[in-house]
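A.B. asks: For reference, the sequence and a predicted model appear below.
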Amino acid sequence: RDVKMKISYHGHSVVKIQTNSHTILIDPFITGNEKTDLNAAEQQVDAILLTHGHDDHVGDTVEIAKKCNAIVVAPFELANYIQSKGVEVHPMGIGGEREFEFGKVKFTQAFHSSSTTNEEGQVIYLGMPTGILFSAEGTTLYHAGDTGLFGDMKLIGDRHDIDVAFLPIGSNFTMGPEDAAYATELLQPKIVVPIHYNTFPPIKQDPKYFESLVKKAEVQILSAGEFVALS
Ligand code: NI
Ligand code: MN
């Protein structure tokens, strides 16, 4: 059979994808992330995908992209902000889809916010928060970013055959375990991986509780550095 892409989890919302020819990072929050196994200086990637502008998602994006000459694909305002730091970017918008040489990217809606704070303490608004659909080599993953539960997750599930969904379960800033279990029913993925929990005290959750609530998908609780077991 064809060699499938390798998808690994690296704590908080960090996901790494290795296809036969490319390496892609989503939301590479490494420095300051006590739950990650990655070292920012050691990353060799072709592309970085960002869901929104919060520091626990943008993380080490600029440093890694500069070192690797990687392209950063992000929602429009966030892409412009990253470009202002001297990085090659490709801006996109919700509903938009593009075939890159490393795979196909589509941005979906998320209900959250997107901003950063500059050195003067001013809040910089960075457009809409998003989720990301990524497809390559016959496998589709959905990274929900940070979001609350929303009914149009059913549309995302109806219109895309999702192999792996990465869903936040931390509550406080995003869905908690119960809403994330309901989201799993709407999205209908084959595999669901809980993310965005236990990194900081406000998002302390038991992933086993989330697992107990999910009936129609395979739950894979991954430690940092572990791979999704694709069937
Ligand atoms: Ni956020
Ligand atoms: Mn977050």
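C.D. replies: Looks like it came in fine. Residues are numbered from 1 along each chain as shown. Ligands and ions are numbered 1, 2, ... in the order given.
A.B. asks: Going by C-alpha atoms from here, please, whenever you check contacts or count neighbours.
C.D. replies: Noted.
A.B. asks: Name the residues of stretch 133-153 that are buried.
C.D. replies: 133-136, 140-149, 153 (16 or more other Cα atoms under 10 Å).
A.B. asks: Which strands or helices does the helix or strand harbouring residue 64 pack on?
C.D. replies: Secondary structure assigned from DSSP states H and E places residue 64 in helix 61-68. In terms of contacts (3 or more Cα pairs under 8 Å, 6 or more residues apart in numbering; DSSP states H and E), helix 61-68 is packed against strand 47-49, strand 71-75.
A.B. asks: Distance check, the most centrally placed residue in the chain against residue 13.
C.D. replies: Nearest residue to the geometric centre of the chain (Cα atoms, centre = their mean): residue 143, 4.2 Å. Taking Cα to Cα, to the nearest Å as the measure, residue 143 falls 9 Å from residue 13.
A.B. asks: What of residue 64?
C.D. replies: Using Cα to Cα, residue 64 is found at 17 Å from residue 13.
A.B. asks: Residue 95 too?
C.D. replies: 21 Å.
A.B. asks: Dump the helix ranked longest in the chain to CSV, restricted to CA.
C.D. replies: Ranked by residue count under DSSP state H, the longest helix found in the chain is helix 177-187. Extracted in CSV, the C-alpha atoms of helix 177-187 (Å, rounded to 0.1, in the frame of the first residue of the first chain):
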residue,chain,number,x,y,z
PRO,A,177,-14.4,17.7,26.9
GLU,A,178,-18.2,17.6,26.7
ASP,A,179,-18.5,20.1,23.8
ALA,A,180,-15.5,18.5,22.1
ALA,A,181,-17.2,15.1,22.2
TYR,A,182,-20.3,16.7,20.6
ALA,A,183,-18.1,18.3,18.0
THR,A,184,-16.7,14.9,17.2
GLU,A,185,-20.2,13.7,16.4
LEU,A,186,-20.7,16.7,14.0
LEU,A,187,-17.3,16.3,12.3
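A.B. asks: Thank you, goodbye.
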